[in-house]
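Sharing a sequence plus its predicted fold:
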2 protein chains.
Amino acid sequence: MERHFDHDLEELKQRLLWMGSLAERAVHQAVHAVLDAEEHLAEVVLSEEDAINEMQIEIDERVQRLLATQQPMAADLRFLLAVSRINGDLERIGDQAVNIAQSATRILRHPQVKPYVDLPRMSELAEAMVRDSLNALVRGDQELAQSVLRRDDQVDRLRDQLFRELLTYMMEDSAQVFAAFELILVAKNLERIGDHATNIAEDVIYFVAGRDVRHPALDRR
Amino acid sequence: MERHFDHDLEELKQRLLWMGSLAERAVHQAVHAVLDAEEHLAEVVLSEEDAINEMQIEIDERVQRLLATQQPMAADLRFLLAVSRINGDLERIGDQAVNIAQSATRILRHPQVKPYVDLPRMSELAEAMVRDSLNALVRGDQELAQSVLRRDDQVDRLRDQLFRELLTYMMEDSAQVFAAFELILVAKNLERIGDHATNIAEDVIYFVAGRDVRHPALDRR
């Protein structure tokens, strides 16, 4: 029985990672629809949204079934609760990719705003956070999860810098207002993707170490 | 034993509702810091953030303990999983209130943008969605939960209308760019609050009816 449960848990993890790879790819394609003016990439993202949503429901059903039939304790229980939360974060990362893809189709109707300021760097950072939060899950690697938490501030700083530049464009030239506004929305979406990666990393630490590292300001031990 | 568990579940629900009332109040105060130029309300919101974060951790610990010790089945299991997810949504509603409070302190340093367009209506709608999603939980009221789901589109439409007006102000008068930009951020936060209320309503339906109503486009039964 125990061995069969281990097999179920491993299968669940594989499904979650598969969902993670779908979400990761959606973000990458959506951002490149903007950066490389490739509208067809935006369409791919929109057409694959359902696959991510189906995975979310499938994974939640697996978690519920395992909780009901296996009465897991300690680390197994923490793992299932962490999977349930990570699942929600991955689905929302998929939503953010869809938002970016929709922005892409609107942006491509306007002349390009100067160069795309720091958007490429911000998107690389956010994508790497998602990737590493999932790698941390695979390897049970707390150090890697911690490094994801540290990178969230970098994303927020880039976002602030990007906002300043885009607002300057808007003030200098009112013809830029629409396109710059869309880039502000894209930056907001990337910020949220970084937030979700942070949540995932926190859940990895909770699962691996049994410690709740959310809200460090509370200084709980 | 069973009766003691019922008592534990009731207590958990009361704690979740208490957390909901903190989150609701934070949103209300943050929005009124903007609308009524009341900076002290923004400070109240910032000072109460920790209380919401502490509640989130306490509630998750209760859920984990009940799952580990009571091996709940069927409706009780669904209830605990729903509480775990609603807990995350309430904490994020609190985060959005903090963002709005921070915008308020920045907005108050600039001259006011015309009237505040449709922000009051949008915030009333979003606040009512949060309140009713929690009322639906209290009463196990599926109809009320469904009405929350229907209102999400209204919030999104108001957001789009608000964006159009604010962008027009920006184009007409570059001195308005900063203040209008902050109002765009506030509208984004209200949109997310509506999204979280929608998630809560979906979880109420999942708990009450045992049906997963997320992603209706998938057309599952």
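Great, that's in hand.

any idea which element the nearest residue to A:Leu166 once chain neighbours are set aside lies in?
Nearest non-adjacent residue to A:Leu166, counting by C-beta to C-beta, 6 or more residues apart in numbering or on different chains: A:Ala180, 4.4 Å away. Where C-beta positions appear, they are placed from N, C-alpha and C, glycine not excepted. Using DSSP states H and E, A:Ala180 sits within helix A:177-209.

host element of the closest residue in space to A:Ala128 that isn't next to it in sequence?
Closest residue to A:Ala128 apart from its sequence neighbours, by C-beta to C-beta, 6+ apart: A:Arg151 at 7.6 Å. Using DSSP H and E, A:Arg151 maps to helix A:142-172.

Give me the average confidence score over that helix.
Mean pLDDT, helix A:142-172: 95.

May I see the buried residues of the helix holding A:Ala180?
Buried residues in helix A:177-209, counting neighbours by 16 or more other C-beta atoms under 10 Å in any protein chain shown, are found at A:177-208.

what does chain A have sitting close to chain B?
Chain A comes close to chain B at residues A:50, A:53-54, A:56-57, A:60-61, A:63-64, A:67-68, A:71, A:73-74, A:77-78, A:81, A:84-85, A:88, A:163, A:167, A:170-172, A:174, A:177-178, A:181, A:184, A:188, A:212, A:214-215, A:217-218, A:220, as judged by C-beta under 8 Å from any C-beta of the partner chain.

Buried among these? Make that a ChimeraX selection.
A single ChimeraX command selects the buried members of these (16+ other C-beta under 10 Å):
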select /A:53,56,57,60,63,64,67,77,78,81,84,85,88,163,167,170,171,174,177,178,181,184,188,212,214,215
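
What about the residues of chain A next to chain B, which are in helices?
Within the residues of chain A next to chain B, residues falling in helices by DSSP state H are A:50, A:53-54, A:56-57, A:60-61, A:63-64, A:67-68, A:74, A:77-78, A:81, A:84-85, A:88, A:163, A:167, A:170-172, A:177-178, A:181, A:184, A:188.

Now do the contacts for A:Glu172.
Residues near A:Glu172 by C-beta atoms under 8 Å, 6 or more residues apart in numbering or on different chains: B:Ser174.

Over to stretch A:165-183 now: how far is its first residue from its last?
Criterion C-alpha to C-alpha, to the nearest Å; first-to-last residue distance in stretch A:165-183 is 11 Å.

tell me how far that stretch is from the chain's mean position?
The chain centroid and the centroid of stretch A:165-183 are separated by 27 Å under C-alpha atoms, centre = their mean, to the nearest Å.

Could you tell me which ranges of chain A sit under the pLDDT cut-off?
A:1-3, A:113-115, A:219-221 (pLDDT under 70).

do that again at 90, thanks
Within chain A, the stretches with pLDDT under 90 are A:1-3, A:71, A:73-74, A:108-118, A:174-176, A:179, A:207, A:209-221.

Go ahead and confirm A:Leu125 touches A:Asp153.
No - distance between A:Leu125 and A:Asp153: 10.6 Å, which falls outside the contact criterion (C-beta atoms under 8 Å).

Who has more neighbours out of those two?
A:Leu125 (19 against 10; other C-beta atoms under 10 Å in any protein chain shown).

Now A:Glu58. Nearest residue, chain neighbours left out?
A:Arg15 (6.8 Å).
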